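[1] this one's sequence-less:
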């Protein structure tokens, strides 16, 4: 028999028993659909987790620190200095490295001011200014630092200048309007069009009041440290990064001078003066898939590290566990379908015993008889797989349209939300192919024993069978 003959006989035999065949195919449809839908929920949940983590923090960032006095196997771990940062930056897959040194508070320990108004919120962040662009920061206005810019060059966060204090009329100025992310729309000071200066303040530890009379004074001790600022840009705000909202980015050299001036003016309220050693730095990796390798290299050198990749890995392990449980549940329905196929094929072998005997007497090869029954089983799997995959797309659409929030809470817990643009049920191209392969594979395996049993029937006894 040719392949076309075998296929034609398979179709004819299955259509003879329409109800039995339909019920058997239905079992495969349910099993295949369960496999595809359950796995699609796992893919969707993983994507939702990745998007949520990405909203919380940059997955390519690593925090690196070294606690004083720590040693590793008797070898002292090097302090994090500018030279060490240069070595870290030279590592493979490291895109940028810089300290984010939290300095003086603006509006309290140092004041950025115009003739009548002082900024009342924010803080200095000491960084390598030429590294910020490689850290993924973008600007709403202006530019990044370039060679030749003066020492007092700064970049300000998006909310800089929204809260201020009018020291002439002794009143605070607050924003009146906010956008949907609770960012101020109006500002008391526009940093890109206003000439600003900075002066370290003297702290009155009795009244805790600032003496704004030092502004513009030629005799106040603060006057020696009063200097002009060169604001070159406004950093686009990011809710997961406070620095981009109210931080003022400045080179470490300039920040060190301001801290030193503050300490001279306030000997009883000194701030930690920078001694060339950073408590911690941030490292940006070229791709989130390389974060683990860079972390391991840094840890090998003795430094402690932390990245959101660790949180992502833990969450992905949870998602993988859920995927495995869903797959196990789906496998049960497919196993039941396999038993149904085996039962159907055994019944078919018994009913067609005489037919098998006739084929053997006519010289039909045993392998052809086996291929006939296996072909029927495979055809059941193929039809069930096609309709099962089609049904899974319909169910996936219903889930994404009407049930995504409820399912995400059941699978991920209370407080878990679906990021905009993310479907909880996702069927990538490979999933239907996998579903089809499983459906046909299970069907062939389930039909193997009945097919083998059919080939073992004696020709004479088969012909005599009633």
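    Looks like it came in fine. On a predicted model such as this, the values are computed, not experimentally measured, just so you know.
[2] Low-confidence ranges, the stretch 251-400 of the chain, go.
    By pLDDT under 70, the low-scoring segments of the stretch 251-400 of the chain are 350-363, 366.
[3] how about low-confidence regions in the stretch 1-150 of the chain?
    Under the criterion pLDDT under 70, the flagged ranges of the stretch 1-150 of the chain are 1-3, 5-6, 52-57, 67-75.
[4] in it, which spans are strands?
    For the stretch 1-150 of the chain, the strands defined by DSSP state E, counting those that start in this stretch occupy 61-65, 71-72, 75-76, 94-99, 101-105, 110-113, 117-119, 123-127, 139-142.
[5] Mind putting those strands into TSV with mean neighbour count?
    Every C-beta, even on glycine, is put in place using the N, C-alpha and C of the backbone. Formatted as TSV, those follow (neighbours: other Cβ atoms under 10 Å):
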stretch	mean neighbour count
strand 61-65	19
strand 71-72	10
strand 75-76	10
strand 94-99	21
strand 101-105	19
strand 110-113	25
strand 117-119	23
strand 123-127	23
strand 139-142	14
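[6] Same list (these) but as JSON lines, adding distance to residue 339.
    Converted to JSON lines, the strands of the stretch 1-150 of the chain look like this (distance: least, Cβ to Cβ, whole Å):
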{"stretch": "strand 61-65", "distance to residue 339": "52"}
{"stretch": "strand 71-72", "distance to residue 339": "59"}
{"stretch": "strand 75-76", "distance to residue 339": "63"}
{"stretch": "strand 94-99", "distance to residue 339": "56"}
{"stretch": "strand 101-105", "distance to residue 339": "65"}
{"stretch": "strand 110-113", "distance to residue 339": "77"}
{"stretch": "strand 117-119", "distance to residue 339": "75"}
{"stretch": "strand 123-127", "distance to residue 339": "66"}
{"stretch": "strand 139-142", "distance to residue 339": "64"}
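[7] Out of those, which gets nearest to residue 226?
    Each of the strands of the stretch 1-150 of the chain was scored for nearness to residue 226 using Cβ to Cβ, and the closest is strand 110-113 (9.5 Å).
[8] outside of the closest one, which residues touch it?
    Strand 110-113 has contacts (Cβ atoms under 8 Å, 6 or more residues apart in numbering) with 104, 106, 118-119, 122, 124, 167, 196-201, 210, 212, 215, 229, 248, 258, 262.
[9] Which one of the strands of the stretch 1-150 of the chain lies nearest to residue 278?
    strand 94-99 (4.4 Å).
[10] got the angle for the closest one vs strand 123-127?
    When axes from the mean of the first three to the mean of the last three Cα atoms, to 10 degrees is applied, the directions of strand 94-99 and strand 123-127 differ by 130 degrees.
[11] Give the pairing partners of strand 94-99; include direction for each.
    With DSSP bridges as the test, strand 94-99 is paired with strand 280-285 (antiparallel).
[12] Show the residue spans covered by the helices in the stretch 351-466 of the chain.
    For the stretch 351-466 of the chain, the helices defined by DSSP state H, counting those that start in this stretch cover 353-361, 366-398, 404-412, 430-455, 459-464.
[13] residues near residue 368, how many?
    The number of residues packed near residue 368 is 16, by other Cβ atoms under 10 Å.
[14] so what are the domain limits for the protein?
    The record's domain parsing of the chain by automatic domain parsing lists 3-57+312-464, 102-273.
[15] Centre of the chain to the shortest one, how far?
    Centroid separation between domain 102-273 and its chain, computed with Cα atoms, centre = their mean, to the nearest Å, is 33 Å.
[16] what's the span of that domain from first residue to last?
    Distance between the two ends of domain 102-273: 12 Å, counting by Cα to Cα, to the nearest Å.
[17] so what's the closest residue in space to residue 30 that isn't next to it in sequence up against?
    Leaving aside its sequence neighbours, residue 30 sits nearest to residue 333 (Cβ to Cβ, 6 or more residues apart in numbering; 5.5 Å). Residue 333 is in contact with 27, 30, 31, 34, counting by Cβ under 8 Å, 6+ apart.
[18] Next up, the contacts around the nearest residue to the last one once chain neighbours are set aside.
    By that I understand residue 34. Distance criterion Cβ to Cβ, 6+ apart; nearest residue to residue 34, sequence neighbours excluded, is residue 330 at 3.8 Å. Each residue near residue 330 by Cβ under 8 Å, 6+ apart is listed here: 31, 34, 35, 37, 38, 39.
[19] can I get these in CSV with distance to residue 302?
    CSV is the format used below for the contacts of residue 330 (distance: Cβ to Cβ, whole Å):
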residue, distance to residue 302
31, 53
34, 50
35, 47
37, 48
38, 45
39, 42
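[20] got the residues you listed as a markdown table, with neighbour count and distance to residue 435 columns?
    Output for the contacts of residue 330, formatted as a markdown table (neighbours: other Cβ atoms under 10 Å; distance: Cβ to Cβ, whole Å):
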| residue | neighbour count | distance to residue 435 |
| --- | --- | --- |
| 31 | 29 | 9 |
| 34 | 24 | 10 |
| 35 | 27 | 5 |
| 37 | 23 | 10 |
| 38 | 21 | 10 |
| 39 | 23 | 8 |
